[in-house]
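*Asks:* Structural data only, the sequence is not supplied:
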(Lines give C-alpha, C1' and ligand atoms only; values in the text may rest on other atoms or scores of the structure.)
Protein backbone atom coordinates (compact mmCIF):
# COMPACT_ATOMS: atom_id res chain seq x y z
CA UNK A 1 0.00 0.00 0.00
CA UNK A 2 1.33 3.42 -0.92
CA UNK A 3 1.70 6.42 1.37
CA UNK A 4 2.63 10.00 0.50
CA UNK A 5 5.84 11.17 2.19
CA UNK A 6 6.38 14.86 2.99
CA UNK A 7 9.51 16.16 4.74
CA UNK A 8 9.58 19.80 5.89
CA UNK A 9 12.61 21.68 7.19
CA UNK A 10 11.69 23.87 10.18
CA UNK A 11 13.46 26.51 12.25
CA UNK A 12 12.13 25.45 15.65
CA UNK A 13 11.53 21.73 16.13
CA UNK A 14 9.81 22.27 19.49
CA UNK A 15 7.33 24.85 18.17
CA UNK A 16 6.69 22.81 15.03
CA UNK A 17 6.03 19.62 17.02
CA UNK A 18 3.51 21.53 19.11
CA UNK A 19 1.78 22.92 15.99
CA UNK A 20 1.63 19.66 14.02
CA UNK A 21 0.60 17.63 17.08
CA UNK A 22 -2.45 19.84 17.43
CA UNK A 23 -3.11 19.77 13.68
CA UNK A 24 -2.79 15.96 13.44
CA UNK A 25 -4.46 15.25 16.78
CA UNK A 26 -1.54 13.31 18.26
CA UNK A 27 2.13 13.25 19.15
CA UNK A 28 4.84 12.19 16.68
CA UNK A 29 5.30 8.48 16.04
CA UNK A 30 9.06 9.04 16.20
CA UNK A 31 10.88 11.94 17.83
CA UNK A 32 14.62 12.63 17.96
CA UNK A 33 16.74 15.65 18.86
CA UNK A 34 16.46 17.14 15.35
CA UNK A 35 13.57 15.18 13.79
CA UNK A 36 9.95 14.16 14.29
CA UNK A 37 7.58 12.03 12.20
CA UNK A 38 3.87 11.30 12.16
CA UNK A 39 2.57 8.20 10.37
CA UNK A 40 -0.98 9.28 9.55
CA UNK A 41 -3.73 7.00 8.31
CA UNK A 42 -6.23 9.69 7.34
CA UNK A 43 -4.88 11.03 5.10
CA UNK A 44 -2.33 8.28 4.50
CA UNK A 45 0.88 10.32 4.92
CA UNK A 46 4.36 9.88 6.37
CA UNK A 47 4.88 13.49 7.52
CA UNK A 48 8.32 14.39 8.86
CA UNK A 49 9.96 17.59 10.06
CA UNK A 50 13.57 18.33 10.89
CA UNK A 51 15.70 21.20 12.18
CA UNK A 52 19.06 20.49 10.56
CA UNK A 53 20.07 23.94 9.40
CA UNK A 54 18.33 23.85 6.02
CA UNK A 55 16.13 26.67 4.79
CA UNK A 56 12.59 26.30 6.18
CA UNK A 57 10.09 24.79 3.76
CA UNK A 58 9.42 21.58 1.90
CA UNK A 59 12.66 19.54 1.91
CA UNK A 60 11.45 16.64 -0.21
CA UNK A 61 8.39 14.69 -1.29
CA UNK A 62 8.02 11.02 -2.06
CA UNK A 63 5.81 8.00 -2.32
CA UNK A 64 6.49 5.33 0.29
CA UNK A 65 5.76 1.75 -0.68
CA UNK A 66 5.71 -1.51 1.22
CA UNK A 67 6.45 -4.02 -1.54
CA UNK A 68 9.08 -4.29 -4.28
CA UNK A 69 6.30 -4.59 -6.90
CA UNK A 70 4.84 -1.26 -5.79
CA UNK A 71 8.27 0.35 -6.00
CA UNK A 72 8.70 -0.86 -9.59
CA UNK A 73 5.19 0.37 -10.46
CA UNK A 74 5.81 3.85 -9.03
CA UNK A 75 9.26 4.08 -10.66
CA UNK A 76 7.75 3.14 -14.02
CA UNK A 77 5.06 5.79 -13.71
CA UNK A 78 7.66 8.39 -12.77
CA UNK A 79 9.78 7.49 -15.78
CA UNK A 80 6.75 7.84 -18.05
CA UNK A 81 5.84 11.16 -16.44
CA UNK A 82 9.25 12.75 -16.95
CA UNK A 83 10.27 10.84 -20.06
CA UNK A 84 13.30 8.63 -20.41
CA UNK A 85 16.56 10.56 -20.58
CA UNK A 86 15.12 13.73 -19.05
CA UNK A 87 17.31 15.02 -16.26
CA UNK A 88 20.75 13.86 -15.20
CA UNK A 89 19.78 12.18 -11.94
CA UNK A 90 18.48 8.60 -11.65
CA UNK A 91 15.15 7.76 -10.11
CA UNK A 92 15.90 6.79 -6.50
CA UNK A 93 13.78 4.75 -4.16
CA UNK A 94 13.69 2.84 -0.95
CA UNK A 95 11.77 -0.21 0.02
CA UNK A 96 11.10 -0.68 3.69
CA UNK A 97 8.66 -1.15 6.47
CA UNK A 98 7.76 0.97 9.47
CA UNK A 99 10.83 -0.29 11.36
CA UNK A 100 12.98 1.89 9.02
CA UNK A 101 14.67 -1.02 7.30
CA UNK A 102 15.73 0.87 4.18
CA UNK A 103 17.27 -0.85 1.20
CA UNK A 104 18.14 1.99 -1.16
CA UNK A 105 18.67 1.43 -4.81
CA UNK A 106 19.06 3.02 -8.20
CA UNK A 107 15.89 2.21 -10.15
CA UNK A 108 17.32 2.64 -13.65
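*Replies:* Happy to help now that I have it. Note that the structure is a prediction, hence the values are computed from the model and not measured.

*Asks:* host element of residue 17?
*Replies:* Residue 17 belongs to helix 13-24 when elements are defined using DSSP states H and E.

*Asks:* can you pull the buried residues of that helix?
*Replies:* Neighbour-count burial for helix 13-24, counted by 16 or more other C-beta atoms under 10 Å, picks out 13, 16, 17, 20. Using the backbone N, CA and C atoms, a C-beta is placed for each residue, glycine as well.

*Asks:* Let's test this: mean pLDDT of the longest helix along the chain, rounded?
*Replies:* Longest helix in the chain, counting residues (DSSP state H): helix 68-82. For helix 68-82, mean pLDDT rounds to 87.

*Asks:* What is that helix packed up against?
*Replies:* strand 92-95 (3 or more C-beta pairs under 8 Å, 6 or more residues apart in numbering; DSSP states H and E).

*Asks:* and the strand it packs on, what's its mean pLDDT?
*Replies:* pLDDT averaged over strand 92-95 gives 53.

*Asks:* what's in contact with the host helix or strand of residue 31?
*Replies:* Element membership of residue 31 [criterion: DSSP H and E] is strand 30-32. Residues from elsewhere that reach strand 30-32 (C-beta atoms under 8 Å, 6 or more residues apart in numbering): 17, 36, 37.
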